[in-house]
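# Next input, structure requested:
(4 chains)
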2 protein chains.
Amino acid sequence: MERYREIGLKLTPQRLAILEYLDGNTSHPSAEDIYSCVKKKFPTMSFATVYNTLETLRKRGQILELTIDPDRKRYDPNIHPHNHLICLRCKTIVDVDLDFEIPIPDEARKSFDVLGNHIEFYGICDKCKKGGE
Amino acid sequence: MERYREIGLKLTPQRLAILEYLDGNTSHPSAEDIYSCVKKKFPTMSFATVYNTLETLRKRGQILELTIDPDRKRYDPNIHPHNHLICLRCKTIVDVDLDFEIPIPDEARKSFDVLGNHIEFYGICDKCKKGGE
DNA sequence: TTACTTGACAAGAATGATTCTAATGTGATA
DNA sequence: TATCACATTAGAATCATTCTTGTCAAGTAA
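Numbering: from 1, shown residues only, chains lettered A, B, ... in the order given. Below is the predicted model of the structure:
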């Protein structure tokens, strides 16, 4: 946790609660998920604090902002290169840790500095397969 | 264009204008982009019509809804399997047509019906590289 | 060609995620 | 322990998207 102070973050109780919630969390929570959980401990917690903290962490490369869910942004504290699989029905996201060798296409390199890539797998999870029509 | 009638779409002038705008369009427009262009021809065009039409096309597999842009949904009339590269600054999206063999990981298959995948490349485009700070 | 039916359209309100504002509070440092 | 830069709060504002309701028109069949 000290590493956060080292990158110039003030460690407020609210931030620590958010960091603790995120630490090791593989549920790819939304801002709302984080807010409603941390609010239990800090009833005066504001949505703005959640968004501010997430943005600060993102800018310092401590979390990933995922765009795979069409309804809302999702956040991932695992910053090692990995990929994701989302259920198109319930929007559950799971990690896909296999490492694929994706060559950066010349076509792309011509006019872009390509910084990275991310593979989105999509499908239907078991739960939705059984429950849903 | 007749193919749209065949899949049960009523071909209204508004829809034809939207379809014409999308046909061969590789700019990955947002709903706003589509609206503001088509509105020139149909000044009474409503946003709801754009969204309704896009949703109808999507449900029938005639367009792709892209989630790669964190700010808004983007639409792609090219439904052949392909990937995308986005500029993190200006959100320009270009097609990456190379076909990668992405094996569906067992880990994922265990608890999901995996239906497909999509690779997002991200970087900075030449224009932003020069213009931006 | 006409009338019918179903689905599409328009206008604007509503929703909901996210961002902004302005006033107040507080870690970290010296 | 005082200071200051930055964080927090509450609530308003924004903006993409969806919904509602009344009207209209494409496609079909007579």
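# Give me the residues contacting the helix or strand bottoming out on mean pLDDT in chain A.
Taking mean pLDDT, DSSP states H and E as the measure, the helix or strand of chain A with the lowest value is helix A:2-6, at a mean of 76. With Cβ atoms under 8 Å, 6 or more residues apart in numbering or on different chains as the test, helix A:2-6 has contacts from A:11, A:15, A:19, A:62. C-beta coordinates here come from the backbone N, C-alpha and C atoms, glycine included.
# Now with 10 Å, please.
A:9-11, A:15-16, A:19, A:56-57, A:60, A:62 (Cβ atoms under 10 Å, 6 or more residues apart in numbering or on different chains).
# List the buried residues of the longest helix along chain A.
The residue-count maximum for a helix in chain A (DSSP state H) belongs to helix A:47-59. For helix A:47-59, the neighbour count (16 or more other Cβ atoms under 10 Å in any protein chain shown) marks A:49-50, A:53-54, A:56-57 as buried.
# Strands along chain A, start to end?
Along chain A, the segments classed as strands by DSSP state E run A:64-66, A:74-76, A:83-87, A:93-96, A:112-125.
# Quickly check: the third one near chain B or not.
Spelled out, that is strand A:83-87. Yes. Using Cβ under 10 Å from any Cβ of the partner chain, strand A:83-87 reaches chain B at A:83-87.
# looking at the strands of chain A, which is closest to A:Lys41?
Nearest of the strands of chain A to A:Lys41, taken as Cβ to Cβ: strand A:74-76 at 18.3 Å.
# Tell me the helices and strands packed up against that closest one.
Contact here means 3 or more Cβ pairs under 10 Å, 6 or more residues apart in numbering or on different chains; DSSP states H and E; on that basis strand A:74-76 packs against helix A:13-22, helix A:31-41, helix A:47-59, strand A:64-66, strand A:83-87, strand A:93-96.
# Could you rerun that using 8 Å?
With contacts defined as 3 or more Cβ pairs under 8 Å, 6 or more residues apart in numbering or on different chains; DSSP states H and E, strand A:74-76 has these neighbours: strand A:64-66.
# right, is the strand it packs on up against chain B?
Yes. Interface with chain B: strand A:64-66 contributes A:Glu65 (Cβ under 8 Å from any Cβ of the partner chain).
# thinking again about what came up before, the least confident helix or strand of chain A near DNA strand D anywhere?
No. Helix A:2-6 stays clear of DNA strand D (Cβ under 7 Å from any atom of the strand), getting no nearer than 10.2 Å.
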